[in-house]
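J.: what's the 3D shape of this:
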Amino acid sequence: MSQPIDLEYRFMTMQDVGAVAELERLSFSTPWPHEAFVNELTKNPNARYVVVVHQNRIVAYCGMWIVVDEAHITNVAVHPLFRGKKIGLGLMIKMMGVARMFGAKSMTLEVRPSNTVARNMYTKLGFREHGVRKGYYSDNNEDAIIMWVTL
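T.: Model (predicted):
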């Protein structure tokens, strides 16, 4: 049985941008650039980002935009060495709480049909499929499944 790991969840700061951008590069074939995270923190009043810290190292993060009473997950990533430890599940539960705290009544996200691990996790959290965005992902033209949950 694996040992539980000590995790801290907190809002992302400007000091975290470099580590988050690196995690983005490790996780996605078309990562957001460093500047995109700077803009999210400095110019987007709707953006909320949470990082997960283990032993002073960012091992996961998630971002969302809250517009009126809807939260839209923009991106979520867990460091490859920390996957399979339910960190993504804990992070999504935290994000749902943050969304409620800022007045959101529902949450949406897009996920690749090929990402069965994420789809299963979202379903476990109550998300349901509500449509498809054709050719959404620019790296391989894969569709995106649109999922929603009531908070």
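J.: Who does Arg10 form a beta bridge with?
T.: Val51 (DSSP bridges).
J.: you'd agree it is up against Arg48?
T.: No - using C-beta atoms under 8 Å, Arg10 is not in contact with Arg48; the gap is 11.8 Å. For every residue, glycine as well, the C-beta is placed using N, CA and C.
J.: the more surrounded of those two?
T.: Arg48 (22 against 13; other C-beta atoms under 10 Å).
J.: pretty sure that one contacts Met101?
T.: No - the pair Arg48 / Met101 is not scored as a contact, 9.2 Å apart, by C-beta under 8 Å.
J.: Just give me the longest helix of this structure.
T.: Criterion DSSP state H: the longest helix present in the chain is helix 87-101.
J.: Buried ones in that one, by neighbour count?
T.: 87-88, 91-92, 94-96, 98-99 (16 or more other C-beta atoms under 10 Å).
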